[in-house]
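>>> coords below, sequence missing:
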């Protein structure tokens, strides 16, 4: 091996030693890694709890909105049924009045027929 090659290998070896030393200096210890993992777990747990709370809030808000919509629909339906019932009462009352008028007309017609029959009998002399 020549001096030049030896120097090149020595330089490469020195660079690798520096890189290894830098890695050692920047490397995380087991305890630091465990603390980081615990912190991430805590953050994840808190995030999950917050997300769950938000989901529950949204579910409650959706339930309240749906309940309000259903109650509104029920009220509108009840109001409409009440109006229909009132209209049916008016129609029934009107029908009763018409029926009474028809019955009165029928009685008057029957009386007129009876009078005409009596007048015809008197005129014919029976």
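Looks like it arrived, so ask away. Computed from a predicted structure; not experimentally measured.

>>> now for the lengthiest helix in the chain, which elements pack on it?
Secondary structure of the chain per DSSP state H: the longest helix is helix 30-124. Helices and strands touching helix 30-124, by 3 or more CB pairs under 8 Å, 6 or more residues apart in numbering; DSSP states H and E: there are none. (Glycine included, C-beta is placed from N, CA and C.)

>>> Show me the shaky parts of the chain.
28, 126 (pLDDT under 70).

>>> Repeat the analysis, applying 90 as the threshold.
Filtered on pLDDT under 90, the chain yields the residue ranges 1-64, 119-126.

>>> any idea how far the most centrally placed residue in the chain lies from residue 58?
Residue closest to the mean C-alpha point of the chain, counted by CA atoms, centre = their mean, is residue 66 at 4.6 Å. Distance of residue 66 to residue 58, given as CB to CB, to the nearest Å: 12 Å.
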